[in-house]
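Q: sequence first, then the predicted structure, then my questions.
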Amino acid sequence: MRTAALLLVAGLLEIGGGYLVWLWLREHRSVILAVAGFLALALYGVVPVMQEQTRFGRIYAAYGGVFIVLSMIWGWGIEGKRPDLRDWMGVALCLAGATVIMWPRTTQP
């Protein structure tokens, strides 16, 4: 449960931070949004390494699946762009891959 919560927080920080920087650069919004975005992105870099898992690559591979799901939900909820069937098929493939990567092992390679 802790792993899922940390990956969710990391995803929200990365996507939210990137979106704030996007607003600043693409829509010429306040530099305060950029600063907040950069801070969120810096925090994103810290959160995933707070996992109990000790394999960096495995953590970030699993996080990639979470990031993709959150990106689809963000685009739908914040930007109003509903994902299509191919988007959801891609999400399912990524989650399947992340699940295989994070599946517990009897011995550590």
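A: Cool, got the structure.
Q: distance from stretch 88-107 to the middle of the chain?
A: 15 Å (CA atoms, centre = their mean, to the nearest Å).
Q: other residues contacting that stretch?
A: Stretch 88-107 has contacts (CB atoms under 8 Å, 6 or more residues apart in numbering) with Thr3, Gln53, Arg58, Ala61, Ala62, Gly64, Gly65, Val66, Ile68, Val69, Met72, Pro83. The way it works is simple: take the backbone N, C-alpha and C, and place the C-beta from them, glycine included.
Q: can you flag the buried ones in those?
A: Thr3, Ala62, Gly64, Gly65, Val66, Ile68, Val69, Met72 (16 or more other CB atoms under 10 Å).
Q: element containing Arg82, please.
A: Of the helices and strands defined by DSSP states H and E, none includes Arg82.
Q: wait, what's in contact with it?
A: Contacts of Arg82 (CB under 8 Å, 6+ apart): Trp76.
Q: same question, Gly17
A: Contacts for Gly17 (CB under 8 Å, 6+ apart) come out as Ala36, Gly37, Phe38, Leu39, Ala40, Leu41, Leu43, Tyr44.
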